[in-house]
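>>> Predicted model, plus sequence, below.
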Amino acid sequence: MYIYPAIDIRGGNAVRLFNGDYSKEKVYSINPVEVACRFKAEGASRLHVVDLDGALEGELVNKDIIKNIVSQTGLFVEVGGGVRTVNRISEYLSSGVSRVILGSAAVEDFSLVESAVKFFGGKVAVGVDALGGKVAIGGWKTVTDIDAYDFCRKLRDAGVRTVICTDISRDGALAGTNLAAYRKLVKIDGLKIIASGGITYYEELLKLRDMGVRGAVVGKAIYDGAIEVSKAVELCERC
């Protein structure tokens, strides 16, 4: 299982939100590129980067910072936030991004998912963010009536091979992740699940690894020192 240290960018800073609430932001660094390089030095092989401004505005607001992260680390970098067209996917991939994550756009325009898979295959993933089991969009501001599990199955049927699943109620809270949800999600044949939201303990990482989750996005637990990148990588990627 791969470890994906998270870098959420807002206003040019590396930040973390509490339960996806933009009013509950903590700035951890004014230099996200420096943070990325530090994660690489600590043993990270992959990074999960989100343009929070882009997620709200529907534009690639922090794309230059993200491109610098890619060029200066040389790591496998997956990127989401504000990706609403095939051209934007192509722009990121052309700059060296390894995988582009569709979020709200996958819900609002499913034909984009189908086109993206056709053109880019496994270089496109979908982020399914859920609150109370329902898919949330628009920077987590709007909760739909779409069942998250059913939507993941629909994505699989459309050819999507990787889904990043976030339980918003756990995100940034350091209260543990939703293991029960991932036990259910990994049973969807042909779909690789990346867990995100609330991962706090090494024991959780081991449980996620052993149940067949393919990746784990870890954010606040790393920034606050509950989990060390080097130890997490050793436990999950080099076992």
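Cool, the structure landed. Worth saying up front: this structure is predicted, and the values here are computed from it rather than measured.

>>> List the neighbouring strands of the lowest-mean-pLDDT helix or strand in the chain plus their orientation.
Scoring the helices and strands of the chain by mean pLDDT, DSSP states H and E places strand 21-29 at the bottom, with a mean of 85. Here strand 21-29 has these sheet partners by DSSP bridges: strand 13-18 (antiparallel).

>>> buried residues in the strand it pairs with?
By neighbour count on 16 or more other C-beta atoms under 10 Å, the buried set for strand 13-18 is 13-17. For glycine as for every other residue, the C-beta is placed from the backbone atoms N, C-alpha and C.

>>> related to what we said a few turns ago, what lies in contact with the least confident helix or strand of the chain?
10, 13-18, 35, 52, 56, 139, 172, 223 (C-beta atoms under 8 Å, 6 or more residues apart in numbering).

>>> run the last query once more with 10 Å
For strand 21-29, contacts defined as C-beta atoms under 10 Å, 6 or more residues apart in numbering pick out 7-8, 10-11, 13-18, 35-36, 38, 52-53, 55-56, 139-141, 168, 171-172, 219-220, 222-224.

>>> so after it, what's the next helix or strand?
helix 32-41 (DSSP states H and E).

>>> Which strands or helices does that following helix pack on?
strand 2-10, strand 13-18, strand 21-29, strand 46-51, helix 63-73, helix 220-223, helix 229-236 (3 or more C-beta pairs under 10 Å, 6 or more residues apart in numbering; DSSP states H and E).

>>> So in that sheet, which strands flank the helix or strand that the fifth one is followed by, and in what orientation?
Same thing as helix 63-73. Using DSSP H and E, the helix or strand that follows helix 63-73 in sequence is strand 76-80. Sheet pairing for strand 76-80, assigned by DSSP bridges, gives strand 46-51 (parallel), strand 99-102 (parallel).

>>> Residues contacting the shortest one, please?
If I follow you right, that is strand 99-102. 46, 48-50, 76-81, 83-84, 88-93, 109, 112-113, 116-117, 120, 122-128, 155, 160, 162-164, 194.

>>> how far is it from where the chain is centred?
Strand 99-102 sits 9 Å away from the centroid of its parent chain (C-alpha atoms, centre = their mean, to the nearest Å).

>>> helices or strands up against whatever helix or strand comes next after that strand?
As assigned by DSSP H and E, the chain's next helix or strand after strand 99-102 is helix 104-108. Here helix 104-108 touches helix 110-120, strand 124-131, strand 134-137, strand 142-147, helix 148-157, going by 3+ C-beta pairs under 10 Å, 6+ apart.

>>> Select, out of those, the one closest to I199.
strand 124-131 (15.1 Å; C-beta to C-beta).

>>> Mind exporting the C-alpha coordinates of the closest one to PDB?
Extracted in PDB, the C-alpha atoms of strand 124-131 (Å, rounded to 0.1, in the frame of the first residue of the first chain):
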ATOM      1  CA  VAL A 124      -7.200   9.800 -14.300                       C
ATOM      2  CA  ALA A 125      -8.800   9.000 -11.000                       C
ATOM      3  CA  VAL A 126     -11.900  10.200  -9.300                       C
ATOM      4  CA  GLY A 127     -12.200  11.700  -5.800                       C
ATOM      5  CA  VAL A 128     -15.400  10.600  -4.100                       C
ATOM      6  CA  ASP A 129     -15.900  12.800  -1.000                       C
ATOM      7  CA  ALA A 130     -18.800  11.700   1.200                       C
ATOM      8  CA  LEU A 131     -20.700  13.000   4.200                       C
END
